[in-house]
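quick one, fold the following:
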Amino acid sequence: MFRQRFTKIVATLGPASSSPERLKALFEAGADVFRLNFSHGAPHDHKQRVDLLRKLEKEYRHPIAILMDLQGPKLRLGKMVQGPIELTKGQTLRFDMAAEPGTETRVPLPHPEIFKAAKPDGLLLVDDGKVRLRITGHTEDTIDTVVEVAGQISDRKGVNLPNLIVPLSPMTEKDRRDLAYGLELGVDWVALSFVQHARDIAELKKLVAGRASVMAKLEKPAAIEHLDEIIEQSDGIMVARGDLGVEMPPEAVPPLQKRILAACRALGRPAIVATQMLESMVHSPTPTRAEASDVATAVYDGTDAVMLSAESASGDYPIEAVTMMDRILKSVEADPLYRKLMDASRREPEATTADAISAAARQCAHTLGAAAIVTYTNTGSTTLRAARERPDVRLLCLTPNLDTARRMTLTWGVHPVQTEDAHNFADMVARATRVARQQKIAKPGERLVITAGVPFGTPGATNILRIAYV
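Numbers count the residues shown, from 1 in each chain. So this is what the prediction gives:
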């Protein structure tokens with residue numbers, strides 16, 4: 001299953017994509033990583049999907065990464081007396097913590113944390129920002145607002161607070177139960193919603209205890225204020241443009257996307273661009289030209305992966321959405337401008353042996369026209385360094401650890417293969433050339449650039465570079 005592209009595809013699973021036939025078709029169409037959204041679905045649904053993916057992995061003898069996405073704290077309105085309420089601009093509305101259903105003058109908001117965080121001129125956005133209210137006054141258990149953008153509100157609609165810092169842990173009790181279950185199932189990545197500080201990721205990492213890689217979803221303005229610390233603490237990043245676009249002005253999201261992707265590349269962390277990428281394909285067999293351009297922009301920005309949400313989880317055309325995503329990625333990567341942008345945005349290597357070897361491997365592969373760069377790795381760190389260089393050839397990641405191979409499927413340009421570690425120099429070359437040939441990455445007569453560490457099998461000891469003929 002060697003993909004003829006560098007950028008990876010993440011497909012969200014749901015009712016439209018959970019049968020064995022659909023999963024197989026999604027994988028063959030180009031999905032590299034499969035996302036389980038724990039905001040929806042029962043535990044047995046997720047277990048069934050994991051079991052099917054592991055069978056698929058064995059059938060194709062290729063690692064498949066499974067990403068579990070924790071729901072996080074959801075702030076929602078309470079119930080209304082007579083269904084939806086139509087708000088008009090300039091109207092006043094009070095929020096309180098009373099249990100009684102809401103009316104046209106007051107609405108229950110059962111989240112004491114919001115009342116603690118309230119301040120004059122704070123904003124409350126309801127239903128993904130369709131309705132906007134500004135705080136005019138507040139007490140310990142009431143918030144008075146005026147409607148700035150009119151619209152309809154109804155039972156259990158979501159609430160966003162873009163300019164208020166709500167003292168909420170991103171891990172709810174439900175998330176803790178889901179996390180324990182997901183780790184038991186053997187997921188490879190855990191994504192944490194509504195991250196605001198690096199300590200949120202540190203808290204999750206303690207619970208995960210190395211059993212999976214940890215990803216921060218950036219969807220709160222507070223996270224942007226602590227961007228570098230969050231990226232440093234995380235194993236990967238998701239640019240979750242849905243909530244980010246609600247809590248920040250829409251015009252702020254595109255430059256933020258570029259900034260986040262640049263920061264991830266500088267620190268060697270894989271990044272996913274997510275939300276509404278091919279949204280119209282939920283109900284249409286083809287995307288809009290604007291959506292195709294949006295996907296292309298993320299690729300030109302150097303993202304490791306792009307993600308489908310409702311398009312593959314509940315849409316009418318999940319296979320077509322993955323196929324279209326695959327076509328867009330290949331088209332962009334064939335553009336000479338793409339290579340120029342990858343080269344122009346390359347950072348200077350750090351003054352370490354591993355970085356020097358990775359930079360030299362990229363240069364050697366380019367100069368010699370090598371078929372691929374082969375990285376021997378235990379933890380994946382060697383491969384991540386090589387991917388940060390954005391070489392113009394594929395990265396063949398050889399690792400004895402299946403967990404590492406699965407996690408590396410998310411990373412730009414990486415084709416992971418589980419195999420024994422090299423025993424000596426001769427075995428290093430022989431194994432690399434044999435696997436490259438078997439995986440159809442290199443043909444006889446072509447060259448490979450190989451990086452490894454001596455003593456063999458020592459994590460983080462990348463210190464040699466070898467050029468070999470297939």
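
OK, contacts around the residue nearest to Ala422 when sequence neighbours are not counted?
Taking Cβ to Cβ, 6 or more residues apart in numbering, and ignoring the residues beside it in sequence, Ala422 has Met428 as its nearest neighbour in space, at 3.7 Å. Where you see a C-beta, it was placed from the backbone N, CA and C, and this is true even at glycine. If a contact means Cβ atoms under 8 Å, 6 or more residues apart in numbering, then Met428 has 376, 422, 450, 452, 456, 466 as its contacts.

as TSV, those with distance to Phe34 and neighbour count would be great.
Formatted as TSV, these follow (distance: Cβ to Cβ, whole Å; neighbours: other Cβ atoms under 10 Å):
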residue	distance to Phe34	neighbour count
Tyr376	27	25
Ala422	31	22
Ile450	31	27
Ala452	30	26
Phe456	33	16
Arg466	35	16
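
show me those residues that map onto strands.
376, 450, 452, 466 (DSSP state E).

and the last one, bridged to which residues?
The residues paired with Arg466 through beta bridges, assigned by DSSP bridges, are Ile450.

quick one, what contacts it?
Residues in contact with Arg466 (Cβ under 8 Å, 6+ apart) are 425, 428-429, 449-452.

picking that back up, tell me the one of the ones in strands among the contacts of Met428 nearest Glu184?
Tyr376 (30.7 Å; Cβ to Cβ).

tell me which stretches of the stretch 251-400 of the chain form helices.
253-267, 289-300, 310-313, 318-333, 336-344, 353-368, 381-388 (DSSP state H, counting those that start in this stretch).

between these, which gets nearest to Glu100?
Evaluated with Cβ to Cβ, these place helix 310-313 nearest to Glu100, the distance being 34.6 Å.

return the helix or strand in this protein with minimum mean pLDDT.
Sorting the helices and strands of the chain by mean pLDDT, DSSP states H and E puts helix 241-247 at the bottom, at a mean of 86.

buried sites along that helix?
Neighbour-count burial for helix 241-247, with 16 or more other Cβ atoms under 10 Å as criterion, is recorded at 241, 243-247.

show me the shaky parts of the chain.
Filtered on pLDDT under 70, the chain yields no residues whatsoever.

show me the domain layout of it.
Listed domain ranges for the chain are 8-73+170-332, 85-160, 353-469 (source: automatic domain parsing).

so what's the gap between the second one and the chain middle?
Translated: domain 85-160. In terms of Cα atoms, centre = their mean, to the nearest Å, the centre of domain 85-160 is set 32 Å apart from its chain centre.

can you give me the end-to-end distance of that domain?
Length of domain 85-160, first residue to last, Cα to Cα, to the nearest Å: 18 Å.

how about the last one?
Distance across domain 353-469, first residue to last, is 24 Å (Cα to Cα).

ok, now how distant is the residue of the chain most remote from its centre from Ala99?
Here the chain reaches farthest from its C-alpha mean at Thr105, the gap being 40.8 Å by Cα atoms, centre = their mean. According to Cβ to Cβ, to the nearest Å, Thr105 and Ala99 sit 17 Å apart.

secondary structure element holding Met68?
Following DSSP states H and E, one finds Met68 within strand 65-69.

tell me what that strand is packed against?
In this structure, strand 65-69 packs against strand 33-37, helix 43-60, helix 173-185, strand 189-192, helix 402-408, with contacts taken as 3 or more Cβ pairs under 8 Å, 6 or more residues apart in numbering; DSSP states H and E.
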